[in-house]
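Trainee: sequence plus the predicted model coming up.
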Amino acid sequence: MSHWLTSVDCLPADHEHATLVGRVWLPDVDGPALVAVRGDGLHDLSRVAATCSQLLNLDDPVAAVRDARSAPRIGSVGEILAKSAIADPQPALRLLAPCDLQAVKASGVTFVASLLERVIEEQARGDARKADAVRQSIVAIIGSNLRDIRPGSPQAAAVKDALIAQGVWSQYLEVGIGPDAEIFTKAQPMSAVGTGAEIGIHPKSAWNNPEPEIVLAVNSAGRIVGASLGNDVNLRDFEGRSALLLGKAKDNNASAAIGPFIRLFDDGFTLDDVRRCDVGLKVTGPEGFTFTARSSMSQISRDPTELVDHAMGRHHQYPDGFMLYLGTMFAPTIDRFGAGQGFTHAAGDVVEVATPSLGALVNRVNHTDRIAPWTFGTGALMRNLAQRQLL
């Protein structure tokens, strides 16, 4: 997988003009460090902010990063990317997910294409063998007429009444075009993995897929301060059996990948650039299978600011900020292992999520019980920072 992990591929096309922050594991201190990308190197920001959460809560995180001219250089981007590849399950020096203390939240059913697939999962009861027939019957009724409907609008309410009359209303349609967005906890703080790491599918899952997404970085005041790439690994069979299995379908060992860096909003990169992003996906299987797809943020049904408002406000606060997956329109229907069964992962798949302004997030798929367990949590981070006199 190392040939995917190059600075040319993983960094934004205009990285010389981007304000990029991330985290690396430093073996000499046995802990993580916040870093900035500068030229061809990663520079230690530990004396600017002990955590990513702390940096993003500053009044002007971009200025804080740019003013840290004396931050020590750790190594070249290419060198650390190469060491982040999975030749060794626990390489000494490696990239981590760029977030730390932030909650990891996700928006669901924010694109019409994935909305229809969620309905299909539900109707098929998580059985991939039934998906094709269910898909044809559902699309015959719903079609693509939902694309131009604003969620929560009077038009959406009228469509809901019509679909209920036809017997095809669904909990996924409720959050897809209803007044309330689906916001769920994707992973615990400190549990997301970064580029180069293994990502996990549950060993009992036979129908699953990657979900390439933009991930917003939101501070404790609810201000969107940057963006990254994410893979919201999804178990379609678990969630299709019951929506009450969402936690088991979504939150498993190494099931959330974010990276490679957070690009902070500045004069050259804003939320409008996020709204214009096309997110590419490439899956390369160990047996030679390849699949590519592209997801356009212009097709999202709820604006990113609206999704943030659903996640945070007077009803819910995040003192350490949060990362918010924005959802995906990617719902693969290509048959991989059997006619009519659609796509599912195989252990060993390499998954690349990419867009020019944010670079590329690259991971290899394995079963969750075969991936190194998550052991370095918030308590371990606090102890490590205290030992380094950063608290």
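Mentor: Yep, it's here.
Trainee: and the spatially most central residue of the chain, what is it in contact with?
Mentor: Taking C-alpha atoms, centre = their mean, the centroid of the chain lies closest to Gly230, which sits 2.3 Å from it. By C-beta atoms under 8 Å, 6 or more residues apart in numbering, the residues touching Gly230 are 212-215, 256-258, 323, 325, 353, 361. Where C-beta positions appear, they are placed from N, C-alpha and C, glycine not excepted.
Trainee: tell me the pLDDT of it.
Mentor: pLDDT recorded at Gly230 is 98.
Trainee: what do you get for Pro210?
Mentor: The model's pLDDT for Pro210 equals 94.
Trainee: that one contacts Val351, correct?
Mentor: Yes. Shown here, Pro210 and Val351 form a contact pair, counting by C-beta atoms under 8 Å, at 4.9 Å.
Trainee: and these two? which has more neighbours close in?
Mentor: Using other C-beta atoms under 10 Å as the criterion, Pro210 and Val351 rank with Pro210 on top: 29 against 23.
Trainee: if we can go back for a sec, for the residue nearest to the centre of the chain, which non-adjacent residue is closest in space?
Mentor: Leaving aside its sequence neighbours, Gly230 sits nearest to Val215 (C-beta to C-beta, 6 or more residues apart in numbering; 3.9 Å).
Trainee: and the strands in the stretch 251-391 of the chain?
Mentor: 256-264, 278-284, 290-296, 322-325, 350-355, 359-367 (DSSP state E, counting those that start in this stretch).
Trainee: for Met382, find the nearest of those.
Mentor: Shortest distance between Met382 and the strands of the stretch 251-391 of the chain, using C-beta to C-beta, is found for strand 322-325: 19.0 Å.
Trainee: who does that closest one pair up with?
Mentor: In the sheet, strand 322-325 lines up against strand 103-108 (parallel), strand 212-218 (antiparallel) (DSSP bridges).
Trainee: which one of those is the most hemmed in?
Mentor: strand 212-218 (a mean of 27; mean count of other C-beta atoms under 10 Å).
Trainee: between the strands paired with strand 322-325, which one is nearest to Leu163?
Mentor: Once the strands paired with strand 322-325 are compared by C-beta to C-beta, strand 103-108 is nearest, at 18.7 Å.
Trainee: rounded mean pLDDT for that closest one, please.
Mentor: Computed over strand 103-108, the average pLDDT equals 95.
Trainee: measure how it sits relative to strand 256-264, angle-wise.
Mentor: Angle, strand 103-108 to strand 256-264, by axes from the mean of the first three to the mean of the last three C-alpha atoms, to 10 degrees: 100 degrees.
Trainee: using CSV, write out every CA atom in the host helix or strand of the residue nearest to the centre of the chain.
Mentor: Gly230 belongs to strand 224-232 when elements are defined using DSSP states H and E. The C-alpha trace of strand 224-232 is given here as CSV (Å, rounded to 0.1, in the frame of the first residue of the first chain):
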residue,chain,number,x,y,z
ILE,A,224,-16.7,25.5,11.4
VAL,A,225,-13.0,26.1,11.2
GLY,A,226,-11.8,23.5,8.7
ALA,A,227,-12.4,20.3,6.9
SER,A,228,-10.8,16.9,6.3
LEU,A,229,-11.7,13.6,4.5
GLY,A,230,-13.3,10.7,6.1
ASN,A,231,-14.4,7.1,5.6
ASP,A,232,-17.5,6.2,7.5
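Trainee: right, I'll call it a day here.
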